[in-house]
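Q: build the 3D model from these lines:
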Amino acid sequence: MKHLRKLFLTLTMPSTLTSRAQSGSMSLTPFRLRTLLSPAVLLTLIACGSGEPSGPGADAGTDAGADAGVKPVFPGEWKVHAPMKAPRRSELGAGVIDGKIYVAGGRLDNDFPLELLEIYDPATDSWTPGPSMPSPRDHAGVAAVNGRLYVIGGYGPTPTATVFEFDPRSSTWSSKAPMVSPRAAFAVAVVGTKIHCMGGLPGHAHEAYDVSTDTWEMLPEMPRGREHLAAASIGTTIYVVGGRVAPFPYENYAALDAYDTVTRTWTQLPGMPTARGGLGAAALDGKLYAIGGEFPGVYAHVEEYDPTTQAWRRMKDMLTPRHGVAAVTVNEWIHVVGGGRQLGTAGTTANEAFKPD
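A: Sure, this is the predicted structure:
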């Protein structure tokens, strides 16, 4: 089956699916994977094993790749925690407030967005439901600032510009100033009181929402536009990693771009070893972690970037290969929640936590 899958991908997918760090603008059209693939093609991709733990290539879902079948040992530790209680889903988002993880929205396998809010307490390894969002969302930007959760843009089911704020103290949702332009599948990162929203559909835009003033500001565009990317902040610098461009068949990016919020400038940095879109990202102890992703299969990869040395290294793979995950750091662990096990589908309730060496 593995050889048949490789043959199928070789015959049907052009070389643009391989890693290429690109620069310059590209035309991006709002899309969803399942609307671009005919049922026959999607079923063929799944049948050929795109959702298997091995993912794309020989070593995509396992700690593999060594000669003579000997698997290398990558650093890091994974633990399985209590799964979400609500339906299996992907393309969700999360933020951390007072040591608890707030998971919002997401998408069912039938493409319908969700208005769910679930709250995970690592201290008790348990989930509780929260009040539903005002409207369902998937592929939204989700972040926590000053003790409140923000759900920005996303599909509902078309791209939106809405901003919802959740206050845990009163357990209520409220609407805030909308984005400058509707967007979905973009990356978010927090520095100070600002939530930076970068890329997505459409692909180069960079705007920031200041929660203290309820206002938006347009900022310098990303040098390399793309969607289904991920981001995390370390100090006053935002690191934007991976992503892809449409239309199908997608072109994955290994790109890493850094935005200095003080000088308001972008810098292109060494790309990660494995190009992919639909990944998650989180920061821990001054380092960036790129987690999971998809296309042409589903990845279990975890790769670490050290800004001090500007070097990448492979870490221990996820226990469950996934794309469209929510990744957040709490109590020195990176929790990776939800996500899909097959291209554009097969959502999960998984809650797995990673700790570097």
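Q: and for the residue lying closest to residue 171 once chain neighbours are set aside, the neighbour number?
A: Spatial nearest neighbour of residue 171, excluding adjacent residues (Cβ to Cβ, 6 or more residues apart in numbering): residue 131 at 5.8 Å. Every C-beta, even on glycine, is put in place using the N, C-alpha and C of the backbone. As a burial measure, residue 131 scores 12 neighbours (other Cβ atoms under 10 Å).
Q: which stretches of the stretch 51-200 of the chain have low pLDDT?
A: Applying pLDDT under 70 to the stretch 51-200 of the chain flags the ranges 51-69.
Q: show me where it has its strands.
A: Secondary structure of the stretch 51-200 of the chain (DSSP state E, counting those that start in this stretch): strands located at 77-80, 93-97, 100-104, 117-121, 126-129, 141-145, 148-152, 163-167, 172-176, 187-191, 194-198.
Q: circling back: contacting residues around the residue nearest to residue 171?
A: Listed by Cβ atoms under 8 Å, 6 or more residues apart in numbering, the contact partners of residue 131 are 117, 166, 171-173.
Q: which one, of the strands of the stretch 51-200 of the chain, ends up nearest to residue 231?
A: Nearest to residue 231 among the strands of the stretch 51-200 of the chain is strand 187-191; the distance by Cβ to Cβ comes to 3.7 Å.
Q: quick check: angle from that closest one to strand 93-97?
A: On the basis of axes from the mean of the first three to the mean of the last three Cα atoms, to 10 degrees, strand 187-191 is oriented at 20 degrees to strand 93-97.
Q: give the phi and psi angles for the residue nearest to residue 171, as a check.
A: In terms of degrees, to the nearest 10, the main-chain angles of residue 131 are phi -60, psi 140.
Q: okay, which residue is most central for this structure?
A: Here the mean C-alpha position of the chain is nearest to the C-alpha of residue 280 (Cα atoms, centre = their mean), at a distance of 3.2 Å.
Q: show me what contacts that residue?
A: Neighbour list for residue 280: 230, 290-293, 325-327, 336, 339 [criterion: Cβ under 8 Å, 6+ apart].
Q: one more: residue 134?
A: By Cβ under 8 Å, 6+ apart, residue 134 lies in contact with 115, 164, 173, 175.
Q: now those residues in JSON lines, with neighbour count and distance to residue 142?
A: Listed next are the contacts of residue 134 as JSON lines, based on neighbours: other Cβ atoms under 10 Å; distance: Cβ to Cβ, whole Å:
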{"residue": "115", "neighbour count": "18", "distance to residue 142": "13"}
{"residue": "164", "neighbour count": "23", "distance to residue 142": "10"}
{"residue": "173", "neighbour count": "19", "distance to residue 142": "13"}
{"residue": "175", "neighbour count": "11", "distance to residue 142": "16"}
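Q: out of these, who's nearest residue 94?
A: Out of these, the member with the shortest distance to residue 94 (by Cβ to Cβ) is residue 164, at 14.3 Å.
Q: leaving out sequence neighbours, find the closest residue to that closest one.
A: Spatial nearest neighbour of residue 164, excluding adjacent residues (Cβ to Cβ, 6+ apart): residue 151 at 4.5 Å.
Q: that neighbour contacts residue 102, correct?
A: No - Residue 151 is not in contact with residue 102 according to Cβ atoms under 8 Å; the separation is 9.7 Å.
Q: show me the contacts for the closest residue to residue 157 other than its chain neighbours.
A: Residue nearest to residue 157 in three dimensions, not counting chain neighbours: residue 113, with 5.8 Å by Cβ to Cβ, 6+ apart. Contact analysis of residue 113 by Cβ under 8 Å, 6+ apart lists 105-107, 136-138, 154-157.
Q: a markdown table for the residues you listed, including neighbour count?
A: Listed next are these as a markdown table, based on neighbours: other Cβ atoms under 10 Å:
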| residue | neighbour count |
| --- | --- |
| 105 | 30 |
| 106 | 33 |
| 107 | 28 |
| 136 | 20 |
| 137 | 31 |
| 138 | 26 |
| 154 | 34 |
| 155 | 25 |
| 156 | 20 |
| 157 | 16 |
